[in-house]
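**Q** model this:
(one chain, ligands or ions: 1)
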Amino acid sequence: MSAEIISGKILAEKIRGEIKDDIEQNGYTPCLAVVMVGNNPSSAVYVRNKGKACEEVGIKSITVLLSEEATQTEVEDKVKELVSDGGIDGILVQLPLPAHLSEQRILSLIPPEKDVDGFSEYNTGNLLLGKKCLKACTPSGIIELIRFSGTEISGKHAVVVGRSNIVGKPVAVMLLQENATVTVCHSKTSDLKEFTRSADILVVAIGKAGFVTGDMIKPGATVIDVGTNRGEDGKLKGDVDFDSAKEVAGKITPVPGGVGPMTITMLMKNTLIAYKRNRKIDEF
Ligand code: NDP
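**A** Numbers count the residues shown, from 1 in each chain. As a prediction, the model looks like this:
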């Protein structure tokens, strides 16, 4: 039997519609600043897509482009300028930065209340403590997708494959907060299949096209494929082998059209949250 498709496109449209309505009806004026250093073509696409999404929901966006040769001080000064600008609610530095720059030093300049990517130590720490914070976009988009699919999380066994700071670890914490029993697997996990086959909810974020095959999935499981791997044919492929997985899983996200659209949507949501909190319309 073929699995039900969990459409990130449909959910993203719904949430973007809600954001747009909230902004229009209340006359809000949120603003997101995106800093891009150099001309990495993938980053340029992401930055353009973020700008388009902002426009669609009524968020003002500013893109700051710095040359590939920009010095650490130049980038830091630019970020500091954005930090002190009261009209800017969210700041995002597009990664990766050119190798001569210290990502960590630049990101650490963004204060928690403008950290719409949710990557700062403060927001990451608060997430772990279960406190209110700006949450990383991809993991919170994954939780929204699981809820949208009608999958019960509480009491279920969720297996996360991948332990990066931007996807695997935060999504594991969020699933734990939703009362799942969580197992985190990584490249040193022995007998990965034994774990993946016991997952009611399987989240795969490893960066290897088609790595998780149907025989690694528990029949009826909900499968979230985070992977975005560009094949030699130029097409995007997930970390899950969709054709074999869809015959076993109960519900599954496609690539493209699953997690991807949700990541940008959650960035829009975080920018609006930051706007409201910074203007005391909502509590921190
Ligand atoms: P990282 O490379 O930072 O982390 C990969 C993780 O996968 C690591 O924890 C690694 O383990 C683990 N891993 C690698 N190989 C295996 C294996 N054979 N078995 C088990 N675990 C393995 O990747 P990211 O988390 O940044 O991204 C993962 C994927 O998600 C990528 O394809 C990326 O493009 C995509 N992505 C998509 C987003 C979206 O919006 N759709 C957003 C962010 C990422 P170890 O720690 O031991 O090395």
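**Q** the helices in the stretch 51-200 of the chain, which residues?
**A** Counting by DSSP state H, counting those that start in this stretch, the stretch 51-200 of the chain has helices at residues 72-83, 103-107, 121-129, 137-148, 168-177, 192-196.
**Q** ok, and for the fifth one, which residues are buried?
**A** Looking back up the chat, that one is helix 168-177. 168-176 (16 or more other Cβ atoms under 10 Å). In this view, the C-beta of every residue, glycine as well, is placed from N, C-alpha and C.
**Q** with pLDDT added, can I get these in JSON lines?
**A** Listed next are the buried residues of helix 168-177 as JSON lines, based on pLDDT from 0 to 100:
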{"residue": "G168", "pLDDT": "98"}
{"residue": "K169", "pLDDT": "98"}
{"residue": "P170", "pLDDT": "98"}
{"residue": "V171", "pLDDT": "98"}
{"residue": "A172", "pLDDT": "98"}
{"residue": "V173", "pLDDT": "98"}
{"residue": "M174", "pLDDT": "98"}
{"residue": "L175", "pLDDT": "98"}
{"residue": "L176", "pLDDT": "98"}
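**Q** near the ligand, list only the ones from the residues you listed.
**A** Residues of the buried residues of helix 168-177 in contact with the ligand (Cβ under 6 Å from any ligand atom): G168.
**Q** between the buried residues of helix 168-177, which sits nearest D117?
**A** P170 (11.2 Å; Cβ to Cβ).
**Q** just list the residues touching the closest one, thanks.
**A** Counting by Cβ atoms under 8 Å, 6 or more residues apart in numbering, P170 touches 118, 124, 127, 135-136, 139.
**Q** and the chain, which of its residues are near the ligand?
**A** The chain has residues 138, 161-164, 166-168, 185-189, 192, 205-208, 226-229, 259-260, 263 near the ligand, with proximity defined as Cβ under 6 Å from any ligand atom.
**Q** swap the cut-off to 8 Å and go again
**A** Applying Cβ under 8 Å from any ligand atom, one finds that the chain approaches the ligand through 137-138, 141, 161-168, 185-189, 192, 205-208, 211, 226-229, 238-239, 255, 258-260, 262-264.
**Q** and those residues, which are buried?
**A** Using 16+ other Cβ under 10 Å, the buried ones in the residues of the chain next to the ligand are 137-138, 141, 161-163, 166-168, 185, 189, 192, 205-206, 211, 226-229, 238-239, 255, 258-260, 262-264.
**Q** only C-alpha atoms, please: export stretch 26-34 in CSV.
**A** Output in CSV follows, covering the C-alpha atoms of stretch 26-34 (Å, rounded to 0.1, in the frame of the first residue of the first chain):
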residue,chain,number,x,y,z
ASN,A,26,-3.2,44.4,12.7
GLY,A,27,-1.0,46.8,10.6
TYR,A,28,2.2,45.2,11.8
THR,A,29,5.5,46.1,10.1
PRO,A,30,8.0,43.4,10.8
CYS,A,31,11.4,43.5,9.1
LEU,A,32,14.0,40.8,8.4
ALA,A,33,17.6,41.5,7.5
VAL,A,34,19.5,38.9,5.7
